[in-house]
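Colleague: make a model of this:
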Amino acid sequence: MEMFTEKRIEDCLDFVLHLNGLLPCVLVYWALAVMESAWLAVFLYESICLIGLPFLTMRLRSVSTRKKIVSRVRPLLLSVFRPSESPSCLLVTTGSLCVFGFGGFFVFLGFAQTQFEHRGISQAIATRSAETGIRAGSIARDIALIFLAVWFCTVNPFLEEMFWRGYLYNELGRQLSCPHIFLEERSIAPRALLRADQQTIFSRWLLSFYFASFHGVVVWIFVNIYIAIVTIAFLALVSRLWIFLAERPPFGFPFIVAFHAGADLAVVLVVSACDFNWAEPRVAYIAAILVSFFFALIGFFLLYLAWRDHTNPTCLLQQRGRWHRPTNRSGGNNSLLAEAAHHHPVPPFSAGPSYSPLLSSLPISSEEPSSSTIGDPPQGVSSSSSFNDATTSNTIISDGGRHSTSTKEKTMLLTSISEERGAEMI
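Modeller: Numbering: from 1, shown residues only. Predicted coordinates for the structure are as follows:
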């Protein structure tokens, strides 16, 4: 009876998870459209949706599930405040902030500002901002606006990423993937990367839709429904791109936090330009163009310094944890299997389903083999082929079970692998 009750509680909390993904739309719409307060919208969104409800949900879950959630979210927090590669992380985050913040504002000034004014978007943003409390006036109000802008560019992107790409990412993956994937910690990713081993295509896109829908509601209130639909589609693609980058080096979680902070900085600059018209004078416009272009160039240079020694990004974890780098853990058959996999080269961290036919024919076991089975070939592998070619394996995968192997063929297999080991040492 107790296990049944616990299962019912877990099912209810799984439903609350989706409610937590859609709740920002409701709260923000109520605060902006009904109460007409941008300050209340920010407070409700961050205190309830990003912090309060996730913590309450985790407290109600079982201890084992809670520990697994914390074990996946906590490394992301550490990767931001205690990065393993401080110089590289500093270059990446600063460069991303400059590129996407000032670069985005440069694109707005150079290409989009005229269109905003022609289509009435700038005027709509200024009107709704004034109606929801984002307006200048007294010194106290100006200080509050500066505080909101700084908060929006620093604390807000971190909280949002910890919720969307940290907590909700892992929870949706756990819920929508096979049940055993979350329970078996098959592989460990560097702490700066998102854990892709339990994710599915649907869970990634569902998270992206939840993230985009909340921002679409904000655009709907400030501009119109048509721009909101375009915003939802665009931000869903952006969110999916962030997930793609956060799962792969040399990007990772600190990069998307900086990416998000840069996007928020661009939004603050654009909205302030629409609200207060500080870029209207010719001199101010030219100065803003030059400054934003200069800082964008600095950002590109910092990203070049950080990534000049890196290759194209690859996912470190096979989806659903099917592929793992062959390890020489227990000798015997496993050692032979790991060495023989050299003849079937596979990208060590391939994100696709193509892995070695030799490895797919036999799952690696962690048990110590007995002395009588050290030389046995892997299951489903015929040892009747020769080993004359040192670079290409002639191993044949058979549909039948284990084939009998003579002592001479076993000796030939061991001799071939020993020669390869000696050549690698030389």
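
Colleague: CA atoms for contacts and neighbours, from now on please.
Modeller: Noted.

Colleague: surely Ala306 touches Leu91?
Modeller: Yes. Between Ala306 and Leu91 there is a contact under C-alpha atoms under 8 Å: 5.8 Å.

Colleague: phi, psi of the residue nearest to Gly95 when sequence neighbours are not counted?
Modeller: In this structure, Gly95 finds its nearest non-sequential neighbour in Gly299, 3.8 Å apart by C-alpha to C-alpha, 6 or more residues apart in numbering. Backbone torsions for Gly299, taken as degrees, to the nearest 10, come to phi -60, psi -40.

Colleague: just use 6 as the starting number from now, easier for me
Modeller: In the new count, where the first residue is 6, that last one comes out as Gly304.

Colleague: how deep is Gly304 tucked in, by neighbour count?
Modeller: 25 (other C-alpha atoms under 10 Å).

Colleague: and the gap between it and Gly257?
Modeller: Separation of Gly304 from Gly257 (C-alpha to C-alpha, to the nearest Å): 18 Å.

Colleague: likewise for Ala38?
Modeller: Separation of Ala38 from Gly257 (C-alpha to C-alpha): 36 Å.

Colleague: who has more neighbours, these two?
Modeller: The neighbour count for Ala38 versus Gly257, taken as other C-alpha under 10 Å, is higher for Gly257 (23 against 18).

Colleague: which ones are touching that one?
Modeller: Residues counted as contacts of Gly257 (C-alpha atoms under 8 Å, 6 or more residues apart in numbering) are 197-199, 250-251.

Colleague: mark which of those are part of helices, please.
Modeller: Among the contacts of Gly257, the members found in helices (DSSP state H) are 250-251.

Colleague: ok, so of the contacts of Gly257, who is nearest Arg124?
Modeller: Closest to Arg124 out of these is Leu250 (34.2 Å), distances taken as C-alpha to C-alpha.

Colleague: how close does the closest one get to Arg313?
Modeller: Taken as C-alpha to C-alpha, the span from Leu250 to Arg313 is 17 Å.

Colleague: ok, Ala145 next?
Modeller: According to C-alpha to C-alpha, Ala145 and Arg313 sit 46 Å apart.

Colleague: ok so, going back, Leu250 and Arg313: which is more packed in?
Modeller: The neighbour comparison of Leu250 against Arg313 (other C-alpha under 10 Å) goes to Leu250, with 21 against 9.

Colleague: neighbours of the nearest residue to that one once chain neighbours are set aside, how many?
Modeller: Spatial nearest neighbour of Leu250, chain neighbours left out: Phe256 (5.7 Å); criterion: C-alpha to C-alpha, 6+ apart. Phe256 has 20 neighbouring residues, counting by other C-alpha under 10 Å.

Colleague: show the pLDDT at Phe256.
Modeller: We have a pLDDT of 79 for Phe256.

Colleague: I figured it hits Trp247, correct?
Modeller: No. Phe256 is not in contact with Trp247 according to C-alpha under 8 Å; the separation is 9.4 Å.

Colleague: what do the two both touch?
Modeller: By C-alpha under 8 Å, 6+ apart, Phe256 and Trp247 have no common neighbours.

Colleague: so who does the residue nearest to Gly100 touch?
Modeller: Here Gly304 is in contact with 99-104 (C-alpha under 8 Å, 6+ apart).

Colleague: can you list the contacts of Gly257 in JSON lines and add pLDDT?
Modeller: Below are these laid out as JSON lines (pLDDT from 0 to 100):
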{"residue": "Ala197", "pLDDT": "77"}
{"residue": "Leu198", "pLDDT": "82"}
{"residue": "Leu199", "pLDDT": "87"}
{"residue": "Leu250", "pLDDT": "87"}
{"residue": "Ala251", "pLDDT": "88"}
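
Colleague: and the two most separated of the contacts of Gly257?
Modeller: Greatest spatial distance among these (C-alpha to C-alpha): Ala197 and Leu250, at 11.2 Å.

Colleague: quick one: low-confidence parts of this structure?
Modeller: Counting by pLDDT under 70, the ranges of the chain that qualify are 6-9, 87-92, 183-196, 314-431.

Colleague: in it, which spans are strands?
Modeller: For the chain, the strands defined by DSSP state E cover 386-387, 401-402.

Colleague: which helices and strands does the helix ranked longest in the chain pack with?
Modeller: Determined from DSSP H, the single longest helix within the chain is helix 7-34. Counting contacts by 3 or more C-alpha pairs under 8 Å, 6 or more residues apart in numbering; DSSP states H and E, helix 7-34 packs against helix 43-49, helix 58-65, helix 174-181, helix 206-227.

Colleague: compare those and give me the one nearest Ala141.
Modeller: Proximity to Ala141 (C-alpha to C-alpha) singles out helix 43-49 among those, at 13.8 Å.

Colleague: next, the buried residues of the closest one.
Modeller: Residues of helix 43-49 classed as buried: 43, 45-47, 49 (neighbour count, 16 or more other C-alpha atoms under 10 Å).

Colleague: tell me the one of the residues you listed nearest Lys12?
Modeller: Leu49 (30.4 Å).

Colleague: just checking, that closest one touches Leu32?
Modeller: Yes. Using C-alpha under 8 Å, Leu49 is in contact with Leu32, at 6.8 Å.

Colleague: contact partners for the closest residue to Leu55 other than its chain neighbours?
Modeller: Using C-alpha to C-alpha, 6+ apart and skipping residues adjacent in sequence, the residue nearest Leu55 is Phe168, 5.7 Å away. Shown in contact with Phe168 (C-alpha under 8 Å, 6+ apart): 55-56, 174.

Colleague: Ala117: how many residues sit nearby?
Modeller: Look at Ala117: counted by other C-alpha under 10 Å, it has 13 neighbours.

Colleague: do you know how far it is from Tyr172?
Modeller: Distance of Ala117 to Tyr172, computed by C-alpha to C-alpha: 35 Å.
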